[in-house]
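Colleague: how does the following fold in three dimensions:
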Amino acid sequence: TGKVNEIDKRTSAAARQPVASAKIGGTGFLIDGKGYLVTSAHVVVNADSVYIQNIKGDYFKAATIYINQQSDIAILKIEDERFQYIKSLPYSINKQTADLGEEIFTLGYPRANAEIVYNRGYLSAGTGYNGDTLAYQIAISANPGNSGGPIFNETGDVIGILSGKQITADGVFFSSRSKNIYTALQEIRKDTALEQRIKLPVTVPLRTVNRTQQIKRIEDCVFMVKSY
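Modeller: Residues are numbered from 1 along each chain as shown. Alright, predicted model coming up:
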């Protein structure tokens, strides 16, 4: 099971880019427009502090409220008064198992700067490393900075969270299944009342638009994650 952390109730000052270099970087995406994000657990598990950066280059302080290293899922909460809520997210979180060969795409921050990068591929195996049933194997171009980024199907459903690369094989990556997000919320509910405040998106307005428009609507909801 995962670890649930109490949110630091103190209001942060306006967050500026930290002077020190980040220990590790990754990607995260909103699951609730009030400021709840998902990223990979390995991106934030050893962090003393976490900052996120949007496509415009704005920095916000974030708190880690849940970690599950087995499924490689972490949930963050933006703790910054400057963050403006997003009323409606343009994608849903899929509960169902994705199909082998299904085409996928991702947005993330594989570079050191705040430039978002698009990649596409396909689901190449129904399980992860050594038959891990919490994950998929995916064929896609990615870098360590993509870790924690959303994996979308063609119609804009989130089907996974990009997790990591198999060192022994080129181009082999894994994705934690999106249903692990629902499991995380169930575990949070056991320990706190916080789950009642997290409302996952349920509609998919991206189904009827082309890929360029899908990206334009999604990119404001995807963040660079920096652990210090």
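
Colleague: tell me the mean pLDDT for the longest helix seen in the chain?
Modeller: Assignment by DSSP state H gives helix 179-191 as the longest helix of the chain. For helix 179-191, mean pLDDT rounds to 90.

Colleague: repeat that for stretch 95-111.
Modeller: 93.

Colleague: and the contacts of the longest helix of the chain?
Modeller: 1-2, 4, 31, 38, 65-66, 68, 71, 73, 75, 93-97, 134, 161, 194-196, 198, 200 (CB atoms under 8 Å, 6 or more residues apart in numbering). Heads up, the C-betas are built off the backbone N, CA and C, glycines and all.

Colleague: try 7 Å this time
Modeller: Residues from elsewhere that reach helix 179-191 (CB atoms under 7 Å, 6 or more residues apart in numbering): 1-2, 4, 31, 38, 66, 68, 71, 73, 75, 93, 95, 134, 194-195, 198.

Colleague: closest to residue 150 out of those residues?
Modeller: Among the contacts of helix 179-191, residue 38 lies closest to residue 150 (CB to CB), at 7.9 Å.

Colleague: excluding its backbone neighbours, what's nearest the closest one?
Modeller: residue 31 (5.3 Å; CB to CB, 6 or more residues apart in numbering).

Colleague: so after the least confident helix or strand in the chain by mean pLDDT, what's the next helix or strand?
Modeller: Using mean pLDDT, DSSP states H and E, strand 3-4 stands out as the lowest-scoring helix or strand of the chain, at a mean of 74. Next in sequence after strand 3-4, counting helices and strands by DSSP states H and E, comes strand 24-32.

Colleague: pairing partners for that following strand, with directions?
Modeller: strand 36-39 (antiparallel), strand 222-227 (antiparallel) (DSSP bridges).

Colleague: need the mean per-residue confidence for the last one.
Modeller: In this model, strand 222-227 has an average pLDDT of 96.

Colleague: for the shortest one, same thing?
Modeller: Computed over strand 36-39, the mean pLDDT rounds to 97.

Colleague: poorly predicted segments of the chain, please.
Modeller: 6-20, 165-169, 193-196 (pLDDT under 70).
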